[in-house]
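J.: Sequence and predicted structure are below.
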Amino acid sequence: MKNFLAAGVAAITAVFLATGTVAADWVPPGPIKLMIAFRAGGGADTQARLIAEALEDKLGWKFIPEQVTGKGGLNMAAALKDQPNDGTVIGLGVTETFGYSMAAAPNARMSPADFTGLTTTAGFQMGVVALSSMGWKSFDDVVAAAKGGKDIRFGVMSPKLADLAYLVGRAQGVEFNIVSVRGGKAVMDGVNAGDLDLGFMAGIQARGVAAGDLVNLASALSIPLTQTPDAPTFTDLGVAFDADGYFVFVGPAGMPVEARNALSSAIASVVTDESSKAGGFIKKAFGGASVISGDELTALLESEYESAGKLLDAASQ
């Protein structure tokens, strides 16, 4: 899959140059319903509400946040799909929803073509993490423990990550005991409690790693982790797939270009301003903004969907 993780700065510049004037001219024809595909009170929900608050203060637009959770974001996508495409209804989900989740649920009858991509806000620092007290210094140590007979309980929080855990085990000649839980915090809680031996965490591990309590054993991204650049990527471990992902705002398909450009430019201006509550929160919680918009975002969502089909095929063999 094309590497989009390094595109953030250029994309931010392009958004501002291409849409700054349009953003000032376009006005939503009514309040904007913001569908949020995450539970209330979590980091993603907080991000969405802070962005909405900032845009209300900055532009005078009115937002009506609404939780539409479940099925890996598919419930939000299904609710959004047939809404008016005039900019008065948008949603916040993750790119995985428009890739793996849709490809794995053909009965959902949705694809990225049913949506207008607005902008990403932040990426994930998805690592494979364990307690330092386990004594594992590298992923090779995990593999050695598995080959020595230890039952390795591997925590995952989505079907895509379960497939990736299976594939990395197969590539290394071991079989993990894959345990599905609800959310990255549940993985971290399980690891800290000793109920899981290791698991995927998408940035929530940063404080524990910095304190020396947790260790990033591998990067599940297509590039090294920022905090632990020496940890191997999944490519290094023999897996041709990754867990690259972003929080992403979308609207229904066919949104007029002036509405799309205005919304994406306005959101990007807020999330990249680290002096704002929204930008400061994104910096603290997710390591900073990562903005991909316009045609590049369309290509990213299409690439996620295509890659998901290949991942499903590989995991079924």
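T.: Here it is on my side, so go on.
J.: how about stretch 308-317: buried residues?
T.: Buried residues in stretch 308-317, counted by 16 or more other C-beta atoms under 10 Å: 308, 311, 314-315. Every residue, glycine included, has its C-beta placed from N, CA and C.
J.: actually stretch 67-75, not the one I typed
T.: Under 16+ other C-beta under 10 Å, the buried positions of stretch 67-75 are 67-69, 72-75.
J.: How about stretch 146-154?
T.: Buried-residue list, stretch 146-154, by 16+ other C-beta under 10 Å: 146, 152-154.
J.: one step back: let's have the buried residues of stretch 67-75 in a markdown table, adding distance to Lys283 and pLDDT.
T.: As requested, these are exported to a markdown table (distance: C-beta to C-beta, whole Å; pLDDT from 0 to 100):
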| residue | distance to Lys283 | pLDDT |
| --- | --- | --- |
| Gln67 | 25 | 97 |
| Val68 | 27 | 97 |
| Thr69 | 25 | 95 |
| Gly72 | 26 | 88 |
| Gly73 | 24 | 94 |
| Leu74 | 29 | 95 |
| Asn75 | 29 | 96 |
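J.: Looking at those, which are in helices?
T.: 74-75 (DSSP state H).
J.: For stretch 82-92, buried residues please.
T.: Under 16+ other C-beta under 10 Å, the buried positions of stretch 82-92 are 85-92.
J.: helix or strand right after the helix or strand containing Ala122?
T.: Using DSSP states H and E, the element containing Ala122 is strand 115-123. Using DSSP H and E, the helix or strand that follows strand 115-123 in sequence is strand 126-131.
J.: List the neighbours of whichever helix or strand comes after that next one that are in contact with it.
T.: Once the chain leaves strand 126-131, the next helix or strand it forms, by DSSP H and E, is helix 139-147. Outside helix 139-147, the residues within contact range by C-beta atoms under 8 Å, 6 or more residues apart in numbering are 128, 130, 135-136, 152, 169, 172-176, 197-198, 217-218, 231-232, 237.
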